[in-house]
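> 3D, please:
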Amino acid sequence: MQTEAKTSLSGAARLAAEQVVVSLARAMKNVSFYDVGHPVVGDVIAEFMNGLNDLLKEYPELAIKFVSGYVVVGDRPLLNPHASVGNLVGACHRRGVETMVFRREVTIEEVEHVVSLLATDPAEIDKGGGIEAMLSDRGVRGIMIGRLGSRPKGDWQWSYASALDVLRGAAMEVRTGHTIDIGSIQLSVRDIVDDIVNEGSIVYNLLSMKGMDEYTFIHALHICILAVELGRRIDLPQEQLEELGIATLLHDVGKIFVPLEILRKPTALDEAEFAVMSRHPVDGAVVLARESRLPEVTAVVAFEHHIHFDHSGYPRLSRPRTLHLYSLMASIVDVYDALTTMRPYRPPFPPHRALQVMREEYGGRLEPRLLERFFQMLGPHPWGTLLRLPDDRLAAITRPNATAPDNPFARIVERELERDRLSEEEVPLRALAANTSQLEVVDPIALGLELPTLLRDLPGASVGMGTAS
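Model (predicted):
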């Protein structure tokens, strides 16, 4: 007797489905660099198919939905969204995909078609009549695609994922000698600027997506986010914020020409390797200068962002020059993001330590007035700082406070045997300690605490600035 088909995923099946989504996201990322027939792509697609087929033995289909920047499998969002999954969200949104349903008859060739289209320029997909039509033309029957409406207003995760997808597309265009999709870059930056202007602390939510996956792209996006926020703090008008955003989003495009073994080297570069790396500002400026639709300053920032205020950086100049304001801003936020990001050869610096290093070791290299405004922007206890309270509990700074910078919002760290987590309740820091200036700053790495992961995975974290109570 045939039993009724199951539609609701069990707990174990949901975890398996999440791994399937991660594999799909990885395949999409890899096909941005390699042909779909390359083993690097094929291995991940095979991994995806193995997991999918195991699920389809028990369930008639697997539905993946993209709702307000989240990935939903079954009827619930992913428990632990990875940075690469965020890239999948952006790719689907830009190509009008709201749902993907995989049926039992799906073939590996059909999956290859979907993965390829998710890495195809959205303009080309529009010319082909949309992703559903293109899949139909290729004879795909085991996968159903649903269309997406307009972008939800204020959806910062969509902004982040979409911008990463735009960056990956620009990298592919530069690598293959094609013209950069300027329109997509402008729209993406406009979304980021609007989110930051309208929802100031959104910058800290965006930065919660930190990780080592696609470091060059994520680093470039973080420079854009931090620079635009700094620009907002020095009262740049909207038009200049968008210009600054475009320039900083593309500032590292020259790294496309740096061999991956140098970009990903887990130890310090030797002299010859550093010489190759130090060419990326010049290479980037040359590429961007050819793009007549970009603001002229975009190439200037690519060339100048490592020179530094005191001209101690690179490329070396034959004569002094006055660096552009955007370049000086990019230098500051570039140093901060590099220090606070996990790298293969070192753990990230906690925010307070990064600011201390910037003040003590980079003071002469960075424009002093902008540096001071940057410190003010982050506040005495920047987002991601871990503090020890008078009662010996630990508290993590989860977002700033617009009306009281010295009283940011925090959550208690709950350390349990199975896993660490942050409390559901978020309160102003002074609700936990009356004298916040005397609190001890703690290095989470020394305690074996993966604070960036806890911050990234906050359930239902608010994105509003809030006010002090």
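
> thought residue 240 was touching residue 231?
Yes: Residue 240 lies in contact with residue 231 (C-beta atoms under 8 Å); the separation is 6.8 Å. All C-beta spots, glycine's among them, are computed from the backbone N, C-alpha and C.

> Which one's more surrounded, these two?
Higher neighbour count among residue 240 and residue 231: residue 231, with 25 against 18, using other C-beta atoms under 10 Å.

> now residue 134: how far from residue 128?
Note on residue 134: its distance to residue 128, by C-beta to C-beta, to the nearest Å, is 5 Å.

> between these two, which one's more packed in?
residue 134 (21 against 14).

> Just list the residues touching that one, thanks.
Residues near residue 134 by C-beta atoms under 8 Å, 6 or more residues apart in numbering: 117, 125, 128.

> Could you pull up the contacting residues of the first one?
When you say that, I think you mean residue 117. Applying C-beta under 8 Å, 6+ apart, the residues near residue 117 are 95, 125, 131, 134, 135.

> for residue 304, same thing?
281, 323, 324, 327, 330.

> Counting neighbours, which of these comes out on top?
Most surrounded of these: other C-beta under 10 Å gives residue 330, at 27 neighbours.

> And it, how far from residue 223?
6 Å.

> what's around residue 392, how many residues?
For residue 392, the neighbour count with other C-beta under 10 Å is 7.

> helix or strand for the residue lying closest to residue 48 once chain neighbours are set aside, which one?
Of all residues not flanking residue 48 in the chain, residue 23 sits nearest, at 3.8 Å (C-beta to C-beta, 6 or more residues apart in numbering). Using DSSP states H and E, residue 23 sits in helix 11-30.

> Now do the next helix or strand after that helix: which elements does it pack against?
On the C-terminal side of helix 11-30, the nearest following helix or strand under DSSP H and E is helix 39-56. If you count contacts as 3 or more C-beta pairs under 8 Å, 6 or more residues apart in numbering; DSSP states H and E, helix 39-56 packs onto helix 11-30, strand 61-67, strand 97-103, helix 108-118.

> Can I get the last one as CSV, trimmed to CA atoms?
The one in question is helix 108-118. The C-alpha coordinates for helix 108-118 follow below in CSV (Å, rounded to 0.1, in the frame of the first residue of the first chain):
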residue,chain,number,x,y,z
ILE,A,108,22.8,16.5,-13.0
GLU,A,109,22.8,18.1,-16.4
GLU,A,110,19.7,20.1,-15.3
VAL,A,111,21.5,21.3,-12.1
GLU,A,112,24.5,22.4,-14.3
HIS,A,113,22.1,24.5,-16.3
VAL,A,114,20.7,26.2,-13.2
VAL,A,115,24.1,26.8,-11.7
SER,A,116,25.4,28.3,-15.0
LEU,A,117,22.4,30.6,-15.3
LEU,A,118,22.8,31.9,-11.7
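
> what about the helices in the stretch 151-300 of the chain?
With DSSP state H, counting those that start in this stretch as the criterion, the stretch 151-300 of the chain has helices at 156-175, 182-198, 202-206, 215-233, 238-249, 260-263, 271-277, 280-289, 297-304.

> tally of neighbours for residue 223?
The number of residues near residue 223, taken as other C-beta under 10 Å, comes to 28.

> Likewise for residue 37?
As a burial measure, residue 37 scores 9 neighbours (other C-beta under 10 Å).

> can you check residue 273 too?
Based on other C-beta under 10 Å, the number of other residues close to residue 273 is 15.

> got a list of what it touches?
Counting by C-beta under 8 Å, 6+ apart, residue 273 has contacts 262, 265.

> returning to that earlier point: would you agree the residue nearest to residue 48 is in contact with residue 47?
Yes: Residue 23 lies in contact with residue 47 (C-beta under 8 Å); the separation is 4.9 Å.

> Around residue 269, count how many other residues there are.
14.

> ugh, wrong one, I meant residue 142
17.

> Kindly list the main-chain dihedrals of it?
When read as degrees, to the nearest 10, the backbone of residue 142 gives phi -90, psi 0.

> if we can go back for a sec, farthest-separated two in the contacts of residue 304?
281 and 324 (13.0 Å; C-beta to C-beta).

> hang on, the earlier thing: counting only helices, which of the contacts of residue 304 make the cut?
Using DSSP state H, the subset of these located in helices is 281, 327, 330.

> between these, which is nearest residue 56?
Using C-beta to C-beta, those come closest to residue 56 at residue 330, 48.1 Å.

> which ones are touching that closest one?
Counted by C-beta under 8 Å, 6+ apart, residue 330 has contacts 223, 227, 247, 248, 251, 301, 304, 305.

> which one is it nearest to, not counting chain neighbours?
Excluding its sequence neighbours, the residue lying closest to residue 330 (C-beta to C-beta, 6+ apart) is residue 305, at 4.3 Å.

> how near is the residue nearest to residue 48 to residue 450?
Looking at residue 23 against residue 450, where the rule is C-beta to C-beta, the gap reads 23 Å.

> Just want to know which of the two has more residues nearby.
residue 23 (21 against 15).

> tell me the pLDDT at that one?
Among the per-residue scores, residue 23 holds a pLDDT of 90.

> mind checking the backbone torsions on residue 399?
Dihedral angles of residue 399 (phi, psi; degrees, to the nearest 10) stand at phi -170, psi 160.

> hmm, back to that, quick check, nearest of the contacts of residue 304 to residue 101?
Once C-beta to C-beta is applied, the member of those that ends up nearest residue 101 is residue 330, at 43.3 Å.

> Residue 272 - how many residues pack around it?
Going by other C-beta under 10 Å, the residues that sit close to residue 272 add up to 9.
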